[in-house]
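Visitor: Below are the sequence and a predicted model; questions follow.
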Amino acid sequence: MIRPLAASVILALMTACDSSAAPADAKRLADELTGDAKDSAAANPVCKLFSAKEASVYAGRKVQAGSNAAGGRGCQWDTGSDDAGRVMVQVVRLQDANPPSGAAGFRGLPALGKDAYVVDDLGWTVGAPQGKEFVIVVVDGPNANANTAIALMKETLKRRQ
C-alpha cells in the first residue's frame, strides 16, 4: 500500500514540475516543502524577530544568524557546532498545537494563555497561543532554564504583535 502511495506522490510532483517548468521552479518547490533554502531565511518573518546577538543572550553562547527551521514555519539560531547553544521559534496554526502534556516536568502557564506550557524537553520549551496561531520557543545552552524560555516567549509574543 505504501508503494502505490509513494508512486502517486512522485508522479504528482513530476507533473507539477513538468519539463516546461524550469529547474528553478523545482528548486523553489523543494525550498517551500523543506524550508531550507539558503536565501529564504532573510524573507522568513520568524527569522526577523531576533538578531544573532539577541538570540545569543537567551542561549548563553554566541549563535549564528537565524536559519529556516520547522519546514519554514520557524527559525533557529545555533552555534554551528556541537556545543549546546540554540534558540528556536516556531509558529503553527492553533489547531495544530500539540502540547507535550505527558512529558516529565510539563507544567501549564495559564498567564500566557489557554494551553500554554513550559517543559524541559531537548531544551527548555514554551508554547503559547497568539490569535489563531500557536508559538513555540526552545532554548538550549548555558543560560537555558524555565525562566529564560518564558522570557523568550514573552518577548517573541510582543515582537509578533
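Guide: The structure has been received and is ready for your questions.
Visitor: Doesn't Val46 belong to a helix?
Guide: No: counting by DSSP: H, G, I helix; E, B strand; the rest coil, Val46 is located in no helix; its state is coil.
Visitor: so where do the helices sit in this protein?
Guide: Counting by DSSP state H, one finds helices in the chain at the ranges 2-16, 23-34, 52-59, 146-159.
Visitor: ok, of these, where does mean pLDDT dip lowest?
Guide: Lowest mean pLDDT within the helices of the chain: helix 2-16, a mean of 40.
Visitor: quick check: domain ranges of the protein?
Guide: When the chain is parsed with automatic domain parsing, its domains come out as 2-34, 40-159.
Visitor: Is it possible to get TSV of those that adds mean neighbour count?
Guide: (C-beta placed from N, C-alpha, C; glycine too.) Converted to TSV, the domains of the chain look like this (neighbours: other Cβ atoms under 10 Å):
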stretch	mean neighbour count
domain 2-34	11
domain 40-159	18
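Visitor: Contacts for stretch 121-131, please.
Guide: By Cβ atoms under 8 Å, 6 or more residues apart in numbering, the residues outside stretch 121-131 that reach it are 86, 88, 94, 97, 99-100, 103, 105, 109, 112-119, 134-140, 144-146, 148-150, 152-153, 157, 160.
Visitor: now stretch 98-107
Guide: By Cβ under 8 Å, 6+ apart, the residues outside stretch 98-107 that reach it are 115, 117-121, 125, 127.
Visitor: so which two of those are the farthest from each other?
Guide: Using Cβ to Cβ, the two most remote members of the contacts of stretch 98-107 are Asp115 and Asp120, lying 18.2 Å apart.
Visitor: Check the offset of stretch 46-55 from the chain's centre.
Guide: Computed by Cα atoms, centre = their mean, to the nearest Å, the chain-centroid distance of stretch 46-55 equals 13 Å.
Visitor: And for stretch 124-132?
Guide: 12 Å.
Visitor: Next: stretch 94-102.
Guide: In terms of Cα atoms, centre = their mean, the centre of stretch 94-102 is found 14 Å from the chain centre.
Visitor: Just the CA atoms of that stretch, as PDB, please.
Guide: In PDB, the C-alpha atoms belonging to stretch 94-102 read as follows (Å, rounded to 0.1, in the frame of the first residue of the first chain):
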ATOM      1  CA  LEU A  94      -3.600  27.000  16.600                       C
ATOM      2  CA  GLN A  95      -5.400  23.700  15.700                       C
ATOM      3  CA  ASP A  96      -2.000  22.100  15.100                       C
ATOM      4  CA  ALA A  97      -0.700  22.800  18.500                       C
ATOM      5  CA  ASN A  98       0.300  19.600  20.400                       C
ATOM      6  CA  PRO A  99       1.400  20.400  23.900                       C
ATOM      7  CA  PRO A 100       3.500  17.600  25.300                       C
ATOM      8  CA  SER A 101       1.400  17.200  28.400                       C
ATOM      9  CA  GLY A 102       2.700  13.700  29.100                       C
END
